[in-house]
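S.K.: Sequence plus the predicted model coming up.
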Amino acid sequence: MKKTVLALAIVLGSFAASAQNDLGKQLWRNFNVGWNVYRTQDYRWRNMFIGSGYLQRFEALPKAYVYGGMNINWSKYTIYGTGRYALMANDAVLKTTSFSIPLNAGYQVFRTKGFRLNLYTGPTFEMILASKLDGNTYDNINRFQTGWTAGSTLQFLYLFRARVAYSYYPTSLLSDFHMPRSAFTLSIGF
């Protein structure tokens, strides 16, 4: 009995160590820095983010995968004083800090020596932690945002990745106006 318990403890311990080792490798491998940009006649949105995540492939479908990540975002909205979302007579600057959790399902559509192209889509959940309008605390925003992203990832030279995507957030950012957001994203990582 003691030998069975000891063997089971060794197997479970090695599995836990392997999973932790894989998690660390995944977080390093999926580290990325990115930018979201979007402009309308009413506002301009610029966002910088850093993040990482975990990618899981499937034995039954080796080209398919799911990805869960976490990003820290720093957004700057220039809301034009002449636009429909005008908060004051002049242009206003709204800055937010948030974290987001993208959950994507993807598929590898192309692979050659040194290059790989994946397509992916999925929801993004965002929680806005802080917001300031022209340097002062501003609370008339909807802090929980849900969006949908579709994009592609190009891996080249076995090491570098570039992602290009489009995201749409139907929930209004401002609680006083219906201001849905959308953005084009460029992300570079390992």
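M.R.: Nice, thanks for sending it over. Residues are numbered from 1 along each chain as shown.
S.K.: Flag every buried residue along the helix or strand hosting Ser75.
M.R.: Taking DSSP states H and E as the definition, one finds Ser75 inside strand 64-79. Buried residues in strand 64-79, counted by 16 or more other CB atoms under 10 Å: 65, 67, 69, 71, 73, 75, 77, 79. For glycine as for every other residue, the C-beta is placed from the backbone atoms N, C-alpha and C.
S.K.: Asp176: which of these is nearest?
M.R.: Nearest to Asp176 among the buried residues of strand 64-79: Ile79, at 11.3 Å, using CB to CB.
S.K.: and the residue nearest the centre of the chain, bridged to which residues?
M.R.: With distances taken as CA atoms, centre = their mean, Pro102 lies nearest the centre of the chain, 4.6 Å away. Beta-bridge partners of Pro102, counted by DSSP bridges, are Thr124.
S.K.: Please list all residues in contact with it.
M.R.: 53, 67-69, 71, 122-124, 149 (CB atoms under 8 Å, 6 or more residues apart in numbering).
S.K.: pLDDT and distance to Tyr38 added to those residues, as TSV?
M.R.: Listed next are these as TSV, based on pLDDT from 0 to 100; distance: CB to CB, whole Å:
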residue	pLDDT	distance to Tyr38
Gly53	93	23
Tyr67	94	23
Gly68	95	25
Gly69	94	21
Asn71	95	17
Gly122	97	19
Pro123	97	19
Thr124	95	15
Thr149	95	13
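S.K.: Surely Ile188 is in contact with Ala162?
M.R.: Yes: here Ile188 lies in contact with Ala162, judged by CB atoms under 8 Å, at a distance of 5.6 Å.
S.K.: thinking again about what came up before, output the buried residues of strand 64-79 as JSON lines; include the columns distance to Leu129.
M.R.: Below are the buried residues of strand 64-79 laid out as JSON lines (distance: CB to CB, whole Å):
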{"residue": "Tyr65", "distance to Leu129": "29"}
{"residue": "Tyr67", "distance to Leu129": "23"}
{"residue": "Gly69", "distance to Leu129": "17"}
{"residue": "Asn71", "distance to Leu129": "13"}
{"residue": "Asn73", "distance to Leu129": "10"}
{"residue": "Ser75", "distance to Leu129": "11"}
{"residue": "Tyr77", "distance to Leu129": "16"}
{"residue": "Ile79", "distance to Leu129": "20"}
